[in-house]
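Trainee: this is the structure alone, sequence omitted:
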């Protein structure tokens, strides 16, 4: 299974390379952390933190 995500910016000439090759798990982790940091609801923060913890415990494939 390939966990690499290629998110080239197709709007730029030749395509951007900023996030090319960044593992999908790291992108998901960053997304979850941002969501957790932006919410003030303690229950939602705990739920997101559980997702983060589960993602961290997963072994890379």
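Mentor: Perfect, thanks for sending it. Quick caveat, the model's predicted, so the values are computed rather than measured.
Trainee: buried residues, the helix or strand hosting residue 51. List them.
Mentor: Here residue 51 sits within helix 42-57, counting by DSSP states H and E. Buried residues in helix 42-57, counted by 16 or more other CB atoms under 10 Å: 48, 52. (Glycine included, C-beta is placed from N, CA and C.)
Trainee: which elements pack onto that helix?
Mentor: If you count contacts as 3 or more CB pairs under 8 Å, 6 or more residues apart in numbering; DSSP states H and E, helix 42-57 packs onto helix 24-38.
Trainee: the helix it packs on vs helix 42-57, what angle?
Mentor: 160 degrees (axes from the mean of the first three to the mean of the last three CA atoms, to 10 degrees).
Trainee: which positions within helix 24-38 qualify as buried?
Mentor: In helix 24-38, counting by 16+ other CB under 10 Å, buried: 32, 36.
Trainee: next up, the contacts around the nearest residue to residue 32 once chain neighbours are set aside.
Mentor: Nearest residue to residue 32, sequence neighbours excluded (CB to CB, 6 or more residues apart in numbering): residue 52, at 5.0 Å. Going by CB atoms under 8 Å, 6 or more residues apart in numbering, residue 52 touches 29, 32-33, 36.
Trainee: from these, pick the one nearest residue 45.
Mentor: Proximity of the contacts of residue 52 to residue 45 (CB to CB) peaks at residue 36, which lies at 5.5 Å.
Trainee: wait, a helix at residue 60?
Mentor: No - assessed with DSSP: H, G, I helix; E, B strand; the rest coil, residue 60 is coil; it does not lie in a helix.
Trainee: count of residues packed around it?
Mentor: With neighbours defined by other CB atoms under 10 Å, the count for residue 60 comes to 7.
Trainee: can you tell me the closest non-neighbouring residue to residue 58?
Mentor: Nearest to residue 58 is residue 25, by CB to CB, 6+ apart, at 7.0 Å.
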